[in-house]
Every structure is written in structure tokens, then in C-alpha cells.
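# What would the 3D arrangement of this be:
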Amino acid sequence: MSAPAVLQALRAATGELHRRLDSQLPIAGAEATLQDYLAHLQLLRPWLQALRAAIAAPGVAGLDAVARRIDGRLQALQWDLADAGQPQRERAGVEDFVPPSPGAALAYAWGLAYVVEGSQLGGAVMRRRLLPRLAPHPLRYFAPAEGRGPASGWQDFIAELAAAVDGQAAVEAAASGAVAAFERLLAHRARQAPNSAAPPDARLANICHHES
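So this is what the prediction gives:
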């Protein structure tokens, strides 16, 4: 299946969940503060830890590379929290990601990877907007990996995704993984602050917008 067809299927499966998430993240607000950023990192940490384990589970090279990039994001996240005097917390609040069947595990993991890789595009936009506002904090979590621009990295990932997710059954399993990634983060957000949804900045609609 072509890369555009795979992307279209994943976007269609996750679009409404994506919009719901964007509307609930204080970090997307026009008046976002450093405390909003730190709360965002605390929200992401257990989710990323669970994603990393599920993405690495199939043991294939492309997904292992995504898992290593998540390791880098988690390290940057930890440094950002440490700079602000935030304590390290044990992983809690997000269940492990379990594929619907053993045969779906590989494509499901690629669907999870689609969400976390796409989020780095929105992170670059976030950093440009927030860095002057939240200075002198370095906002490492939103910084691109060294030697890997978000746009070029996304294109490389999509080529790998399309090669790995071949056929309708695999696309459906990948969509299941992508939906699970959004649903788990939404559930964790509800547990973190059930009554504190903030309207997104209009400039940041689709916070982790996936480019084709």
C-alpha cells in the first residue's frame, strides 16, 4: 500500500481523537506558562514509557530506532523537569499497550510509532513559540534530535511505515495502535486534571500535525 494511502487511513482513524487531545492540553493555550509545560512533561512521561516498551517489543530495526528516539525524548524530558526542580516519579497511570492479537503486533506497534513520531513535528512548532516566552528554560523535550530535522525525519519514518504496513489487515492493525495511543493519553490527561481543559491557540491547531 502506498504511503499516502497508509497516512490517509491513520489520519481518518485518529482525527477526532487528535482534535479532542489538542483541545485539552494547557500547553497549547496562548498563555501557556512554565508550569503548564512541566505538567505536560509529567503527563507524557508514563505514556512514553509504555509506548517505548510496546514499540520495541517486535524487535525489528525500524521500530528499535523509534524506541531509541523515545529514550532520547525521555532523557530530555527528565533534564527539563530536573532544571525546574520537579521530582522524578515512578511510572503510573497508563496501562501497557497490548495488540489485539499476536498476528497484529507488528503493525500495531507501527501505529503507536506513527503517533509518537508525528508528535515531534508539533513539538518543533511549540518550541519556536514557547522558547522566548519561557526563557531561560531550554525546553529540551521539544528540541529536534541532533542531526535529524523533524520534517526530514518524518519523511524517512513514513517511508519505513508504508513498507512495513502492507495490506488492509496490517493497516487496520496500525490504525488500532494509533487509536490506542491517543485514547491512552486522553485517559491519562483526564486523570491528571479532569476539570482543567484549556482552549488551544488557533496557531497550533493539530498540535502534532502529520505532514505527508
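# so how far is stretch 164-178 off the chain centroid?
18 Å (CA atoms, centre = their mean, to the nearest Å).
# who touches that stretch?
For stretch 164-178, the surrounding residues in contact (CB atoms under 8 Å, 6 or more residues apart in numbering) are 1, 5-6, 9-10, 13-14, 60, 62, 97, 99-100, 104, 106-112, 114-115, 161. All C-beta atoms are positioned from the backbone trio N, CA, C, and that covers glycine.
# Please type out the ChimeraX selection for whichever of those turn out to be buried.
Buried subset of these, written as a ChimeraX selection, criterion 16 or more other CB atoms under 10 Å:
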select :6,9,10,13,14,62,97,99,104,106,107,108,109,110,111,112,114,115,161
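# Which of the contacts of stretch 164-178 fall in helices?
5-6, 9-10, 13-14, 62, 106-112, 114-115, 161 (DSSP state H).
# who's in contact with the closest residue to L106 other than its chain neighbours?
Once flanking residues are discounted, L106 sits nearest to P58: 4.8 Å by CB to CB, 6 or more residues apart in numbering. Shown in contact with P58 (CB under 8 Å, 6+ apart): 105-106, 109.
# Distance check, P58 against V171.
For P58, the distance to V171 equals 17 Å [CB to CB, to the nearest Å].
# Okay, and A175 sits in which element?
helix 168-192 (DSSP states H and E).
# List the buried residues of stretch 49-58.
Those would be 50-52, 54-58, for stretch 49-58 by 16+ other CB under 10 Å.
# And for stretch 35-53?
For stretch 35-53, by 16+ other CB under 10 Å, it's 36-48, 50-52.
# just those residues now: which is nearest P138?
Using CB to CB, Y37 comes nearest to P138 of these, at 11.1 Å.
# average pLDDT for the helix or strand harbouring that closest one?
Here Y37 sits within helix 34-56, counting by DSSP H and E. The predicted model gives helix 34-56 an average pLDDT of 94.
# CA atoms only: put stretch 21-33 into PDB for me.
Extracted in PDB, the C-alpha atoms of stretch 21-33 (Å, rounded to 0.1, in the frame of the first residue of the first chain):
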ATOM      1  CA  LEU A  21      -6.500  16.000  22.700                       C
ATOM      2  CA  ASP A  22      -5.500  19.300  21.200                       C
ATOM      3  CA  SER A  23      -8.500  21.000  23.000                       C
ATOM      4  CA  GLN A  24      -7.400  19.600  26.400                       C
ATOM      5  CA  LEU A  25      -3.700  20.400  26.600                       C
ATOM      6  CA  PRO A  26      -2.900  23.600  28.500                       C
ATOM      7  CA  ILE A  27       0.500  23.700  26.800                       C
ATOM      8  CA  ALA A  28      -1.400  24.600  23.600                       C
ATOM      9  CA  GLY A  29      -3.000  27.700  25.200                       C
ATOM     10  CA  ALA A  30      -2.000  31.200  24.100                       C
ATOM     11  CA  GLU A  31      -1.000  32.000  27.700                       C
ATOM     12  CA  ALA A  32       0.900  28.800  28.400                       C
ATOM     13  CA  THR A  33       3.200  29.000  31.400                       C
END
